[in-house]
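Enquirer: Pasting a predicted model and its sequence here:
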Amino acid sequence: TSNFLTSNATNGDMSIQVDSDPNTDFSVGDKVYLGNGIVLGKIASLNDTDPESITFEKAITKFVPSGAALYTSNPLPRVFASNDKSNRIILELVIMSR
């Protein structure tokens, strides 16, 4: 996404300011994620007038620094989401007689 926080968000904030129109990246009801996979909350409303902002259904419970990127889905890779060769675990059992 292209939306970033313009100022710090702290525990208890219901809304956050973003650097561009949130309607282009988000919709009411979307969950908002940080780059580390933490969910900030579910969107209750979007404001596209200056200053642009996102309001959540519940207060956020994390400190978020200004400049943090916001996402509509978890940006972390899902390790077992595919059958890619690098995602496979191979277990070999060797039974030796004594």
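Expert: Looks like it came in fine. Here the structure is a predicted model, which is why all the values come from computation and not from measurement.
Enquirer: Show me where the protein has its strands.
Expert: For the chain, applying DSSP state E gives strands covering 15-17, 31-34, 39-47, 53-56, 70-71.
Enquirer: Which one of these lies nearest to residue 24?
Expert: Between residue 24 and the strands of the chain, the shortest gap by CB to CB is with strand 39-47, which sits at 9.8 Å. C-beta coordinates here come from the backbone N, C-alpha and C atoms, glycine included.
Enquirer: Mind giving me the packing neighbours of that closest one?
Expert: Applying 3 or more CB pairs under 8 Å, 6 or more residues apart in numbering; DSSP states H and E, we find strand 39-47 packed against strand 31-34, strand 53-56.
Enquirer: The same query, at a cut-off of 10 Å, please.
Expert: Counting contacts by 3 or more CB pairs under 10 Å, 6 or more residues apart in numbering; DSSP states H and E, strand 39-47 is packed against strand 15-17, strand 31-34, strand 53-56, strand 70-71.
Enquirer: which outside residues touch that strand?
Expert: Residues from elsewhere that reach strand 39-47, judged by CB atoms under 10 Å, 6 or more residues apart in numbering: 5, 9, 13-18, 21-34, 52-62, 64, 68, 70-72, 74.
Enquirer: which ones are touching residue 8?
Expert: So residue 8 contacts 16-17, 63-68 (CB under 10 Å, 6+ apart).
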